[in-house]
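*Asks:* Following is a predicted model, sequence given first.
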Amino acid sequence: MARKARPSRPALFPMPVDGLFSHPNYVALPAAGRGMLLSLCEHYWRSACKPLPKDDDQLFAMARAHRPTWRHWRPTILALFDDIRPELERYHHARTTNATTINFAARNGGHAKQAKARLAALQDSTPAPVTPITLPRHDPTQHTPPRRPATPQRSQARLQDR
């Protein structure tokens, strides 16, 4: 059976969680409260920081919680979310509008495009004709120092060494 191709989604930016994890109310939440808060944060982040709905039933559905647990922890979770929302918005805004994302993509895309263009130019170009290079003949009179005349002492020393 053939697998269905997944629709392509734009890649998500990494969500900054330092403000969340270091918040004293987050540390005090039980596991269910942390799960509800993380579900709300994930929905907020995946929706490109669009405001959360005001309706309690929609928030409850996004938190994916047990209704009595949601009712008990809702004020704490929403207050904590309101505390970290500005940090999430700032980071998302910086990633979408600043030159960091655009420059990164342009830099990587530009290098790949230039490399492909160079490869295509190399493949399309015909090699230049090779012409043999003839070197000039060596003229020993130009490069060797003039010989000194042999002195009688040197020639006698040479004869004795033999």
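*Replies:* Noted; the coordinates are in hand. Numbers count the residues shown, from 1 in each chain.
*Asks:* Low-confidence stretches in the chain?
*Replies:* Within the chain, the segments meeting pLDDT under 70 span 1-3, 5-11, 99-110, 126, 136, 138-162.
*Asks:* Phi first, then psi, for residue 55.
*Replies:* phi -70, psi 130 (degrees, to the nearest 10).
*Asks:* should've said residue 122
*Replies:* Backbone geometry at residue 122, expressed as degrees, to the nearest 10, gives phi -70, psi -40.
*Asks:* tally of neighbours for it?
*Replies:* 8 (other Cβ atoms under 10 Å). Every C-beta, even on glycine, is put in place using the N, C-alpha and C of the backbone.
*Asks:* now residue 21
*Replies:* 10.
*Asks:* For it, give its distance to residue 78.
*Replies:* Using Cβ to Cβ, to the nearest Å, one gets 18 Å for the distance from residue 21 to residue 78.
*Asks:* Could you pull up phi and psi at residue 49?
*Replies:* phi 60, psi 30.
*Asks:* who's in contact with the closest residue to it other than its chain neighbours?
*Replies:* In space, and not counting its chain neighbours, residue 49 is closest to residue 92: 4.8 Å by Cβ to Cβ, 6 or more residues apart in numbering. Neighbouring residues of residue 92 by Cβ atoms under 8 Å, 6 or more residues apart in numbering: 13, 45, 48, 49.
*Asks:* Quickly name whichever of the residues you listed is closest to residue 113.
*Replies:* Nearest to residue 113, judged by Cβ to Cβ, of those is residue 13 at 24.0 Å.
*Asks:* Leaving out chain neighbours, which residue sits closest to the closest one?
*Replies:* Take residue 13 and drop its neighbours on the chain: the residue closest to it by Cβ to Cβ, 6+ apart is residue 95, 4.7 Å away.
*Asks:* So the one you found sits against residue 16, correct?
*Replies:* No - at 9.9 Å, residue 95 does not count as touching residue 16 under the criterion of Cβ atoms under 8 Å.
*Asks:* secondary structure class for the spatially closest residue to residue 46 that is not a sequence neighbour?
*Replies:* Nearest non-adjacent residue to residue 46, counting by Cβ to Cβ, 6+ apart: residue 12, 6.7 Å away. Here residue 12 is coil, with the state taken from DSSP: H, G, I helix; E, B strand; the rest coil.
*Asks:* Count the residues that sit near residue 12.
*Replies:* Neighbour count of residue 12, defined by other Cβ under 10 Å: 11.
*Asks:* Return the set of buried residues in the helix or strand containing residue 95.
*Replies:* If you go by DSSP states H and E, residue 95 is part of helix 67-97. Counting neighbours by 16 or more other Cβ atoms under 10 Å, one finds that the buried residues in helix 67-97 are 69-70, 73-74, 76-78, 80-81, 84-85, 88, 91-92.
*Asks:* Alright, calling it a day.
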